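Undergrad: quick check, what structure comes out for this input:
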Amino acid sequence: MFIETDLGSDALGDDLRTLYGADLVLQMISSRGTRVYPPTGLESDDVRLFRVRFVAADEDGAVTDRAVVDLIARIAERHPGWTHVEKLHVFDGEPGFTMAQGQ
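TA: Okay, the predicted model is just below:
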């Protein structure tokens, strides 16, 4: 999910951790391709647009569309600047998406 906000990455991450349910957990937040939450010590230019990645709470668990839609609704109530959502896939054990620098 991409979220536009005036919050810094730490404040956004702390807030998002209060919103997810039992099925999904916040894995990371990145800005311009660099992971900024949890902090890694890497520098990034925060441009008010963050990529927020949630993953299944159970490493081997599947994520239902209902869990994603419910999470989007909870986030939208507090962060109306969300702009885009992507479902990420794993193919034959390999991620079909790019990891952020520092991830």
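
Undergrad: which helix or strand contains residue 74?
TA: helix 65-78 (DSSP states H and E).

Undergrad: that should have said residue 55, apologies.
TA: With secondary structure defined by DSSP H and E, residue 55 is part of strand 49-56.

Undergrad: so what are the sheet partners of that strand and their directions?
TA: For strand 49-56, the paired strands and their directions (DSSP bridges) read strand 2-4 (antiparallel), strand 24-31 (antiparallel).

Undergrad: and the ones you listed, which one averages the lowest pLDDT?
TA: Lowest mean pLDDT within those: strand 24-31, at a mean of 92.

Undergrad: residues touching the nearest residue to residue 95 once chain neighbours are set aside, list them.
TA: The shortest distance from residue 95 to any residue other than its chain neighbours is 7.2 Å, reached at residue 88 (Cβ to Cβ, 6 or more residues apart in numbering). (Each C-beta comes from the backbone N, C-alpha and C, glycine too.) For residue 88, the contact set (Cβ atoms under 8 Å, 6 or more residues apart in numbering) comprises 53, 95-97.

Undergrad: which residues are in contact with the nearest residue to residue 29 once chain neighbours are set aside?
TA: The spatially closest residue to residue 29, leaving aside those adjacent along the chain, is residue 37, at 3.9 Å (Cβ to Cβ, 6+ apart). Applying Cβ under 8 Å, 6+ apart to residue 37 gives the contacts 9-10, 12-13, 28-29.

Undergrad: got it, and residue 54?
TA: Shown in contact with residue 54 (Cβ under 8 Å, 6+ apart): 1, 20, 24-27, 71.
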